[in-house]
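# missing the sequence, but the structure's below:
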């Protein structure tokens, strides 16, 4: 299997499992799992991939985006986070009740900073806003932001938690929050903001 075909498989899995399952007629559980057989029978993957291909893409994905399980002899796959599907409620999300030194950092781009500075962070059609526990060059950080991020927004986690904003940790270490009742984390919860050169923007 070529590297390019693996990339295409990963992108298709991401779209189906995070956003497109219902639209494409795939049964998705409340936990976000879809039968691998159903996935492989999807029109964009049929006769091109098999279970071993999916296992390989799950194993080598550097962001640990996916999870496989064998449920009563049936292989199923889910995305660890990033869903826009309202039908999915991940029971494996662990509530963060105390900050305990945990950092929650949102990575974005210069073009977005002006709006975020005024309006706060939004879910942008997803179920959650995503945060990493460190910067992209931190080897302990698996996922949570793109390596190309230019602006890093550090959240005042103790203040946000004390005000009732809920945060969770996913199985691959990403911190997730649905924000307030409008799906927003207001700028008052920004502890500090800096760019990729370490210059403070806030």
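Ah, there it is. Note that the coordinates shown come from a computational prediction; the quantities given were computed from them, not determined experimentally.
# any low-confidence regions in this structure?
Residues of the chain that meet the criterion pLDDT under 70 lie in 1, 86-88, 90-91, 140-143.
# who does the longest helix anywhere in it touch, helix- and strand-wise?
Counting by DSSP state H, the longest helix found in the chain is helix 3-15. Using 3 or more Cβ pairs under 8 Å, 6 or more residues apart in numbering; DSSP states H and E, the elements in contact with helix 3-15 are helix 51-60, strand 74-79. To be clear about C-beta, it is placed using only N, CA and C from the backbone, and glycine gets the same treatment.
# ok, and which of those has the densest surroundings?
strand 74-79 (a mean of 20; mean count of other Cβ atoms under 10 Å).
# could I get the buried residue list for the helix or strand just after it?
Scanning forward in sequence from strand 74-79 by DSSP states H and E, the next helix or strand is strand 94-96. Of the residues in strand 94-96, residue 96 count as buried by neighbour count, 16 or more other Cβ atoms under 10 Å.
# surely residue 132 touches residue 145?
Yes. With contacts counted by Cβ atoms under 8 Å, residue 132 reaches residue 145, the gap being 4.6 Å.
# shared neighbours, those two?
Listed contacts common to residue 132 and residue 145 are 105-107; contacts here mean Cβ atoms under 8 Å, 6 or more residues apart in numbering.
# the chain: helices as residue ranges?
3-15, 36-40, 51-60, 110-119, 157-162.
# I'd like the ones you listed laid out as a markdown table, including distance to residue 149.
A markdown table is the format used below for the helices of the chain (distance: least, Cβ to Cβ, whole Å):
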| stretch | distance to residue 149 |
| --- | --- |
| helix 3-15 | 18 |
| helix 36-40 | 30 |
| helix 51-60 | 23 |
| helix 110-119 | 10 |
| helix 157-162 | 19 |
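# quick one: closest of those helices to residue 138.
The closest of the helices of the chain to residue 138 is helix 157-162. By Cβ to Cβ, the value is 17.1 Å.
# for that closest one, name the packing helices and strands.
strand 167-169.
# sheet partners, orientation included, of the strand it packs on?
Strand pairing for strand 167-169, using DSSP bridges, gives strand 94-96 (antiparallel), strand 175-177 (antiparallel).
# and those: which comes nearest residue 44?
Per Cβ to Cβ, nearest to residue 44 of the strands paired with strand 167-169: strand 175-177, 27.6 Å.
# look up phi and psi at the residue of the chain positioned farthest from its centre.
What lies farthest from the middle of the chain is residue 47; by Cα atoms, centre = their mean that is 28.8 Å. With angles defined as degrees, to the nearest 10, residue 47 sits at phi 70, psi 10.
# roughly how far does it sit from residue 40?
Residue 47 is 9 Å from residue 40, where distance means Cβ to Cβ, to the nearest Å.
# got a list of what residue 113 touches?
So residue 113 contacts 151, 193, 201 (Cβ under 8 Å, 6+ apart).
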